[in-house]
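Trainee: make a model of this:
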Amino acid sequence: MTEPTPMRRAGTAEDVAGGIRFLCGDDAQFITGHILNIGGGWLAARVSPYGRRPRN
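Mentor: Presented below is the predicted three-dimensional model:
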């Protein structure tokens, strides 16, 4: 599962906690209605501008 991802590793609880800390902090005070994808590039490696890439 991790081979085709840009980060080449699985995410950890600390990775998710970093995003949560950001969204709860002062730096995110003007952010509304946004989805923060904490996936290490997993989604980016699977979606192209022309649709989903075929699975091998």
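
Trainee: show me the helices in this protein, by range?
Mentor: Counting by DSSP state H, the chain has helices at residues 13-24.

Trainee: roughly how far does the closest residue to Gly19 other than its chain neighbours sit from Leu23?
Mentor: The shortest distance from Gly19 to any non-neighbouring residue, by Cβ to Cβ, 6 or more residues apart in numbering, is to Ile38 (4.6 Å). The way it works is simple: take the backbone N, C-alpha and C, and place the C-beta from them, glycine included. Ile38 is 10 Å from Leu23, where distance means Cβ to Cβ, to the nearest Å.

Trainee: OK, contacts around the residue nearest to Gly19?
Mentor: Ile38 makes contact with Gly11, Asp15, Val16, Gly18, Gly19, according to Cβ atoms under 8 Å, 6 or more residues apart in numbering.

Trainee: burial measure for the residue nearest to Phe22 when sequence neighbours are not counted, as a count.
Mentor: Using Cβ to Cβ, 6+ apart and skipping residues adjacent in sequence, the residue nearest Phe22 is Ala28, 5.6 Å away. For Ala28, the neighbour count with other Cβ atoms under 10 Å is 14.
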